[in-house]
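**Q** predicted structure and sequence below. I'll ask about it afterward.
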Amino acid sequence: MYSVRVPVLAAVAVITLTTTALAQEAKFVGISGGATLGDLNGGVTNTDNRWGGTAGVFFGYRRWYTIGVLEANWVQKGGGDTRIDYIEVPFLVGGGTTTDAGILFRLYTGLGIAFPIGCNSTSTSELQNCDLKKSPEWAWPIGLLVGREIGGPRFAAIDARYSIGISDAFDNAISSNRSWQFRLYVGQRL
């Protein structure tokens with residue numbers, strides 16, 4: 001009797017938990033835009049902060065409390081007299097939840113790859129020479145998103161992300177982009 005009861009209870013538990021998890025499944029898409037605050041740091045390079053812009057699109061998938069998001073963003077980075085424009089593609093994973101009142105919370109990290117599409121530097125330093133800009137550049141983003149459902153399947157959120165450069169920005173200098181990115185997200189569940 002014991003040998004039959006355990007598999008039956010296990011099967012019931014698996015079916016119940018799987019059904020609950022599937023009910024918590026969601027895909028979502030949207031657009032984002034905001035501001036960046038960054039600098040170049042490392043070795044003998046330590047620039048002042050520089051404000052820039054960011055805009056992009058995202059696609060995400062949530063299963064229960066786990067969330068995966070793929071983004072494609074235009075991001076301005078750099079510091080001081082150097083501005084570098086990128087197409088950045090981060091893949092983010094993290095945990096999130098939605099309260100009964102429709103408030104969204106998501107804590108995440110991931111890995112990003114950025115391809116430079118423009119560089120402008122008025123710096124006289126050879127360490128910030130745009131001709132020596134490295135491509136691609138890798139980053140480690142860490143962030144928090146807080147938002148609200150705004151009727152039906154739509155949502156809006158604010159996001160604060162710190163992106164740590166894990167590769168050098170230039171071929172001839174040990175310096176990486178470090179940037180804060182502040183965005184407004186507007187999206188919809190599919």
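**A** Looks like it arrived, so ask away.

**Q** when you work out contacts or count neighbours from here on, use the C-alpha atoms and nothing else.
**A** OK.

**Q** can you classify residue 115 by secondary structure?
**A** At residue 115 the chain is in strand, as set by DSSP: H, G, I helix; E, B strand; the rest coil.

**Q** okay, buried residues for stretch 137-147 please.
**A** 137, 138, 139, 140, 141, 142, 143, 144, 145, 146, 147 (16 or more other CA atoms under 10 Å).

**Q** could you give me the average pLDDT of stretch 109-125?
**A** Averaged over stretch 109-125, pLDDT sits at 85.

**Q** so what's the spatially closest residue to residue 159 that is not a sequence neighbour up against?
**A** Of all residues not flanking residue 159 in the chain, residue 145 sits nearest, at 4.3 Å (CA to CA, 6 or more residues apart in numbering). Residue 145 makes contacts with 104, 105, 106, 107, 157, 158, 159, 160, as judged by CA atoms under 8 Å, 6 or more residues apart in numbering.

**Q** go ahead and confirm residue 188 touches residue 155.
**A** Yes: judged on CA atoms under 8 Å, residue 188 makes contact with residue 155 at a distance of 6.1 Å.

**Q** where strands are concerned, which of the contacts of residue 145 count?
**A** Judged by DSSP state E, strands contain the following of those: 104, 105, 106, 107, 157, 158, 159, 160.

**Q** and those residues, which two are furthest apart?
**A** Spanning the widest gap among the ones in strands among the contacts of residue 145 are 104 and 160, at 14.0 Å by CA to CA.

**Q** show me where the chain has its helices.
**A** Taking DSSP state H, the helices of the chain run over residues 2-23.

**Q** low-confidence stretches in it?
**A** 1-24, 41-47, 123-129, 133-134, 171-173 (pLDDT under 70).

**Q** need the contact list for the residue lying closest to residue 165 once chain neighbours are set aside.
**A** Spatial nearest neighbour of residue 165, excluding adjacent residues (CA to CA, 6+ apart): residue 139 at 4.4 Å. When contacts are counted by CA under 8 Å, 6+ apart, residue 139 touches 111, 112, 113, 114, 163, 164, 165, 166, 167.

**Q** in strands, which of these appear?
**A** Members of the contacts of residue 139 lying in strands (criterion: DSSP E): 111, 112, 113, 114, 163, 164, 165.

**Q** nearest to residue 36 among these?
**A** residue 163 (10.2 Å).

**Q** what distance do you get for the nearest residue to the closest one once chain neighbours are set aside to residue 29?
**A** Leaving out its chain neighbours, the residue that sits closest to residue 163 by CA to CA, 6+ apart is residue 141, at 4.1 Å. The gap separating residue 141 from residue 29 is 20 Å, by CA to CA, to the nearest Å.
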